[in-house]
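Chemist: pasting the sequence and the predicted model now:
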Amino acid sequence: MNKEHLLAKWLSGEITPDELQALKQLEDLSVYEKIIAKTALFQSPLYNEDVQLESLKKKTGLTNKQPKIKKIKPWKAIAGIAATIAVILTTVLFFNESNTVVIAEKGKKETFNLPDHSIVKLNASSKAEYSKKQWNKRRALKLDGEAFFEVAHGEKFDVITKDGIVSVVGTQFNVKNRENFYEIKCFEGIVRVQYNDLTKLITKGKSFLVINGIVTENEDHLLSNQPDWLQNRSKFSSIPYQMVLKEFERIFNVTISANNVDLNYHFTGEFNHNDINKALKTITLPLQLQYKLKDDKTVVIYAD
Amino acid sequence: MPQINNSVCEEHNFNRLFRTYSKSIRNFIFYKCGNENEANDITQEAFIKLWTNCKNVPFEKAKSFLYTVANNAFLNTVAHQKVVLKYAEKQPKNKASNETPQFILEEQEYMMKLQTAIANLTEAQRTAFLLNRIDGKKYKEIAEMLNISVKAVEKRISGALISLRKEIENI
């Protein structure tokens, strides 16, 4: 086994414990770890398939047909109205006749396939609705809650929530739409978010977040290629404590009441979905709070 | 889904190919030549060639056709630039940061060193390394793109790592 081969295996995560041991004898891996971590901060120049395809067609007159791509018009007001009409139309046209509905109850997660083999994973207490019949004409899905999408390659794919529309082409992303909370995380490719009259392109590793109407865009540098909840964890970065508790209720199917607790405190941390007692500790101890778990259904969180 | 006509001459199929592969091809060329506009142009040219030859290229062969054409176009262009990648500055957000100014400065210096070191890699090493680290392509996919063996990809990527390390420690 030579060094190059071992390094390559280490990098792709396929190295066996024995090989790792051997490699550690040869090399100080921490130096490489830093190179890898920092390389992840670099980005290729922004690329938008829609724009490039349109320019290609203009250049060559490849087709007489109008391309199906919708241009993003600068007139925000019109865009806003158009978006609203689009939502109403989609709702009326695509979601009224014999739709398929998939629901993940509180405390449960669901995975299902769409007609084109795109995969949807629903987090606890979420609902997805789509039309099998209309799927070939338009790939659109109505979401209430949180879901992760692995979209099959092909034409446009829309996720419609009450706070906005997310449009993508063959990519992986997570949409979370809860009360006063709207978040899109992109894990692969590029997604377009429409929120009110705002249109944003979100690329791999980035996220778009609206809490109580305030928009933030983050460079998340997602280390994993899946959202945390699929790894049975819920992670929070400066999120109001109230929303953390709401998420906890959904995941464990419990009711939480809080006494003497600052619900607007911005919480940073995570909890694990496997053990409710451990999870409760991780969300209460850092804030010096106490908790009581009664009959597996009710939780009281309080300050001394 | 019913198996419909998947000729590349169908606009729908052509669009699908474009959406699936154009970004990867653009980045593939960009990592070689370092010029964003040129990379975009070469990518478009490759797709135009595919369109004009759509009758002769089966759908399954379109991917390798595109990569070959793009790579040839790259070889035919004379001027290449240094490949300088941009990086995202750490965002302060409004969180309290416990990083000292000195630490932040050192981190910035490191990023610049790394940027130079990547630019100084050989074209073969850089392309394989960045496709893996930035575009998240697996060794096997890179091997198909470059038309080389997986072993050769491993060699280029680990070679890149070793060169980067040497260069960063020397500057």
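Modeler: Arrived safely.

Chemist: going forward, measure contacts between C-alpha atoms and count neighbours the same way
Modeler: Will do.

Chemist: pLDDT score assigned to residue 86?
Modeler: All of this is about chain A. In this model, A:A86 is scored at 64, pLDDT.

Chemist: actually, chain B is the one I wanted.
Modeler: On pLDDT, B:K86 comes in at 75.

Chemist: who does it bridge with?
Modeler: A:Q43 (DSSP bridges).

Chemist: for A:Q43, see how far away it is.
Modeler: With distances taken as CA to CA, to the nearest Å, B:K86 is found 6 Å from A:Q43.

Chemist: one more: A:K156?
Modeler: Distance from A:K156 to A:Q43, by CA to CA: 24 Å.

Chemist: same question for A:P115.
Modeler: Per CA to CA, A:P115 is found 34 Å from A:Q43.

Chemist: swap in B:A70?
Modeler: B:A70 is 21 Å from A:Q43, where distance means CA to CA.

Chemist: cool, A:H117 as well?
Modeler: Computed as CA to CA, the A:H117 to A:Q43 distance reads 30 Å.

Chemist: out of these two, which sits in the more crowded spot?
Modeler: Neighbours per residue (other CA atoms under 10 Å in any protein chain shown) separate A:H117 from A:Q43, with A:Q43 holding more: 16 against 13.

Chemist: my read is that that one contacts B:I134, right?
Modeler: Yes - contact criterion CA atoms under 8 Å: A:Q43 and B:I134 qualify, at 6.7 Å.

Chemist: what packs against the worst-scoring helix or strand of chain B on mean pLDDT?
Modeler: Across the helices and strands of chain B, mean confidence by mean pLDDT, DSSP states H and E is lowest for strand B:86-87: a mean of 74. For strand B:86-87, the packing partners by 3 or more CA pairs under 8 Å, 6 or more residues apart in numbering or on different chains; DSSP states H and E come out as strand A:42-43.

Chemist: need the contact partners of the strand it packs on.
Modeler: Outside strand A:42-43, the residues that touch it by CA atoms under 8 Å, 6 or more residues apart in numbering or on different chains are B:L85, B:K86, B:Y87, B:A88, B:I134.

Chemist: show me which of these are buried.
Modeler: Neighbour counting by 16 or more other CA atoms under 10 Å in any protein chain shown classes B:L85, B:Y87, B:I134 among these as buried.

Chemist: which one among those gets closest to A:N123?
Modeler: B:I134 (28.4 Å; CA to CA).

Chemist: return the residues in contact with that closest one.
Modeler: A:T39, A:A40, A:F42, A:Q43, A:S44.

Chemist: again, only using 7 Å
Modeler: By CA atoms under 7 Å, 6 or more residues apart in numbering or on different chains, the residues touching B:I134 are A:A40, A:Q43.

Chemist: quick check: domain ranges of chain B?
Modeler: Chain B breaks down into these domains under automatic domain parsing: B:11-76, B:101-170.

Chemist: for the shortest one, measure first residue to last.
Modeler: As for domain B:11-76, its first-to-last residue distance stands at 29 Å under the measure CA to CA.

Chemist: how far off centre is it?
Modeler: Counting by CA atoms, centre = their mean, to the nearest Å, domain B:11-76 is centred 13 Å from the centre of its parent chain.

Chemist: now swap in the longest one and tell me
Modeler: Taking CA atoms, centre = their mean, one finds the center of domain B:101-170 at 11 Å from the center of the full chain.

Chemist: ok, then the element right after the helix or strand bottoming out on mean pLDDT in chain A?
Modeler: For chain A, using mean pLDDT, DSSP H and E, the weakest element among its helices and strands is helix A:76-95, scoring a mean of 60. Next along the chain after helix A:76-95, taking DSSP states H and E as the criterion, comes strand A:100-104.

Chemist: pull the distance from that next one to the chain's centre.
Modeler: Strand A:100-104 has its C-alpha centroid displaced from the chain centroid by 18 Å (CA atoms, centre = their mean).

Chemist: pull out the buried positions in the longest helix along chain B.
Modeler: Scanning chain B for the longest helix, with DSSP state H as the assignment, gives helix B:11-33. For helix B:11-33, a neighbour-count test (16+ other CA under 10 Å) marks B:11-33 as buried.

Chemist: any residue of that helix up close to chain A?
Modeler: Yes - under the criterion of CA under 7 Å from any CA of the partner chain, chain A is reached by helix B:11-33 at B:R16, B:R19, B:T20, B:K23, B:N27.

Chemist: where's A:D275 relative to B:N6, distance?
Modeler: According to CA to CA, A:D275 and B:N6 sit 50 Å apart.
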